[in-house]
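*Asks:* What would the 3D arrangement of this be:
(one chain, ligands or ions: 6)
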Amino acid sequence: MAATSYYFLLLILTFVTATLDQANSQLSTNYYKSTCPKALSIVRAGIIAAIKNETRVGASLLRLHFHDCFVNGCDGSVLLDDTANFIGEKTAVPNNNSARGFNVVDQIKANLEKACPRVVSCADILAIAARDSVVVFGGPSWKVRLGRRDSTTASRAAANTSIPPPTSNLSALISSFSAQGLSLKNMVALAGGHTVGKARCTSFRGHIYNDSNIDTSFARSLQQRCPRRGNDNVLANLDRQTPTCFDNLYYKNLLNKKGLLHSDQELFNGNSADFLVKRYAASISVFFKDFARGMIKMGNIKPLTGSAGQIRINCRKIN
Ligand code: HEM
Ligand SMILES: *[C@@H]1O[C@H](CO)[C@@H](O)[C@H](O)[C@H]1NC(C)=O
Ligand SMILES: *[C@@H]1O[C@H](CO)[C@@H](O)[C@H](O)[C@H]1NC(C)=O
Ligand SMILES: *[C@@H]1O[C@H](CO)[C@@H](O)[C@H](O)[C@H]1NC(C)=O
Ligand SMILES: *[C@@H]1O[C@H](CO)[C@@H](O)[C@H](O)[C@H]1NC(C)=O
Ligand SMILES: *[C@@H]1O[C@H](CO)[C@@H](O)[C@H](O)[C@H]1NC(C)=O
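*Replies:* Residues are numbered from 1 along each chain as shown. Ligands and ions are numbered 1, 2, ... in the order given. Coordinates of the predicted model:
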């Protein structure tokens with residue numbers, strides 16, 4: 001290729017990349033600097049108090065941000081309650097009897113409303129809460145981009161279909177994340193969120209009874225607590241050793257066929273994700289870097305900005 005057309009191509013590429021970035025540059029790390037300077041410290045204090053009261057809730061809040069962003073963007077839709085004439089996402093399959101941490105969001109929102117009424121969105125609270133929880137558990141930190149507004153709608157149908165179930169195989173996981181603009185690498189890094197928190201028997205029953213890519217004694221010990229029928233809500237740690245510490249044991253467990261969910265073990269099952277699991281098991285710093293990048297990218301999914309949506313006063317209902 002002639003040098004001039006090469007540089008011309010480069011110019012176009014630079015322009016396209018800059019334009020794509022602008023789609024998310026509506027969000028900024030200092031968004032509340034003048035309108036609510038205490039926003040970040042109020043959320044952090046709420047998270048520290050909530051985790052002191054119940055450690056697991058930090059994991060639950062990290063998951064809430066994921067479940068918010070995957071359903072029509074990070075717009076706080078997951079927080080809306082069902083009412084007689086409104087169907088929210090809390091009763092969608094991935095959330096029903098499973099999503100938690102809502103009271104913590106309410107408490108933080110109440111404190112924010114006292115300090116700066118109608119300024120900080122519920123969607124942003126979830127993004128900050130996810131980061132702060134990871135930090136309390138000893139994981140990486142990152143600058144949270146802010147300025148998301150809250151939806152006035154929710155979609156149970158989209159929640160049913162956009163959040164991948166634990167029965168997913170690798171190709172289903174890849175397409176689910178790819179539909180949100182997230183790469184294989186983003187997916188494997190973000191799945192490392194399973195280094196904290198718990199899952200119900202109903203989520204891992206298939207894996208411990210039906211799958212062969214699971215360590216036999218690990219499966220047997222889980223079968224003692226999670227029977228073939230009943231006890232659907234019995235819990236097990238997603239990371240068997242350190243469920244309240246944000247480390248890379250999740251990946252080390254996958255190398256030993258000790259993933260709890262079918263979908264977890266799919267990431268290390270002789271396919272295209274194996275090299276990433278090995279990489280993150282070998283280096284916690286590479287995992288931390290890629291996890292933080294993945295969280296920022298996930299947090300950028302289709303935010304409502306400008307005059308779209310609203311700043312909810314109560315995260316559970318539209319104004
Ligand atoms: C890769 C696809 C994913 C699948 C199939 C998946 C599936 C699940 C399932 C089935 C549970 C247990 C729910 C229950 O039994 O009540 C769970 C829990 C959890 N997930 Fe995921 N997840 C995925 C990705 C993620 C991502 C990207 C994050 C965050 C970055 C995340 C964070 C969590 C956390 C922290 C918990 C524990 C929550 C708690 O203890 O309350 N997951 N996930
Ligand atoms: C503390 O955690 C328990 C669950 O372990 C929860 O029921 C309760 O509402 C929490 N209290 C506060 C003040 O957050
Ligand atoms: C959610 O779970 C409750 C309690 O198990 C159940 O009664 C209800 O039917 C479930 N809702 C949906 C929409 O599946
Ligand atoms: C989501 O799944 C639940 C449980 O299968 C079902 O009751 C509900 O009708 C579904 N909702 C929508 C809107 O697809
Ligand atoms: C993975 O799961 C999808 C959806 O359930 C299914 O259509 C597909 O055949 C599965 N792929 C493989 C390789 O098993
Ligand atoms: C396990 O496999 C059996 C036989 O194929 C099937 O009937 C059952 O639904 C599976 N169980 C789960 C929890 O996936």
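*Asks:* residue in the stretch 51-200 of the chain nearest to ligand 6?
*Replies:* Closest contact between the stretch 51-200 of the chain and ligand 6, by Cβ to the nearest ligand atom, is at Thr167 (7.0 Å). Every residue, glycine included, has its C-beta placed from N, CA and C.
*Asks:* Domains in this protein, by residue range?
*Replies:* The chain resolves into domains spanning 39-163, 170-297 when parsed by automatic domain parsing.
*Asks:* right, so of those domains, which gets closest to Ser307?
*Replies:* Closest of the domains of the chain to Ser307 is domain 39-163, at 8.5 Å (criterion: Cβ to Cβ).
*Asks:* ok, back up a step: deepest of the domains of the chain, which one?
*Replies:* Stretch with highest mean neighbour count among the domains of the chain: domain 39-163 (a mean of 20; mean count of other Cβ atoms under 10 Å).
*Asks:* thinking again about what came up before, next, work out how far apart the residue of the stretch 51-200 of the chain closest to ligand 6 and ligand 1 are.
*Replies:* For Thr167, the distance to ligand 1 (Cβ to the nearest ligand atom, to the nearest Å) stands at 8 Å.
*Asks:* Around ligand 2, pick out the residues from this protein.
*Replies:* Within reach of ligand 2 by Cβ under 6 Å from any ligand atom, the chain has these residues: Ala50, Asn53, Glu54, Asn103.
*Asks:* Name the secondary structure element that contains the residue of the stretch 51-200 of the chain closest to ligand 6.
*Replies:* Counting by DSSP states H and E, there is no helix or strand that carries Thr167.
*Asks:* check contacts around the closest residue to it other than its chain neighbours.
*Replies:* Among residues not flanking Thr167 along the chain, His262 sits closest, at 5.6 Å (Cβ to Cβ, 6 or more residues apart in numbering). His262 makes contacts with Pro166, Thr167, Ser168, Phe204, Gly206, His207, Asp211, as judged by Cβ atoms under 8 Å, 6 or more residues apart in numbering.
*Asks:* How about the last one: what's its closest non-neighbour residue?
*Replies:* The spatially closest residue to Asp211, leaving aside those adjacent along the chain, is His262, at 6.1 Å (Cβ to Cβ, 6+ apart).
*Asks:* before we move on, the earlier item: so which of the residues of the chain next to ligand 2 is the closest to Leu182?
*Replies:* Leu182 lies nearest to Ala50 out of the residues of the chain next to ligand 2, by Cβ to Cβ, at 27.7 Å.
*Asks:* how about Leu173, what does it touch?
*Replies:* Here Leu173 is in contact with Pro164, Met187, Ala191, Ser263, Glu266, Leu267 (Cβ under 8 Å, 6+ apart).
*Asks:* Give me the residue ranges of the chain where confidence is low.
*Replies:* Within the chain, the ranges that satisfy pLDDT under 70 run 1-25.
*Asks:* Assign the closest residue to ligand 6 within it to helix, strand or coil.
*Replies:* Of all residues in the chain, Gly206 sits closest to ligand 6, at 3.1 Å by Cβ to the nearest ligand atom. Going by DSSP: H, G, I helix; E, B strand; the rest coil, the secondary structure assigned to Gly206 is helix.
*Asks:* Thought Ser168 was touching it, still the case?
*Replies:* No - the criterion here is Cβ atoms under 8 Å, and Gly206 misses it with Ser168 at 11.2 Å.
*Asks:* Write out the residues of the chain neighbouring ligand 5.
*Replies:* By the rule Cβ under 6 Å from any ligand atom, the part of the chain lying against ligand 5 is Asn169, Ser171, Ala172.
*Asks:* re the thing from before, generate TSV for the contacts of His262, with distance to ligand 3 as supplementary columns.
*Replies:* As requested, these are exported to TSV (distance: Cβ to the nearest ligand atom, whole Å):
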residue	distance to ligand 3
Pro166	16
Thr167	17
Ser168	19
Phe204	18
Gly206	19
His207	21
Asp211	25
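*Asks:* In this structure, what residue spans correspond to helices?
*Replies:* For the chain, applying DSSP state H gives helices covering 3-22, 39-53, 57-69, 102-115, 122-136, 156-162, 170-178, 184-191, 201-210, 216-225, 249-255, 262-266, 274-282, 284-299.
*Asks:* got the ones you listed as a markdown table, with distance to Gln310 columns?
*Replies:* A markdown table is the format used below for the helices of the chain (distance: least, Cβ to Cβ, whole Å):
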| stretch | distance to Gln310 |
| --- | --- |
| helix 3-22 | 23 |
| helix 39-53 | 17 |
| helix 57-69 | 16 |
| helix 102-115 | 14 |
| helix 122-136 | 10 |
| helix 156-162 | 20 |
| helix 170-178 | 29 |
| helix 184-191 | 28 |
| helix 201-210 | 34 |
| helix 216-225 | 44 |
| helix 249-255 | 37 |
| helix 262-266 | 35 |
| helix 274-282 | 39 |
| helix 284-299 | 19 |
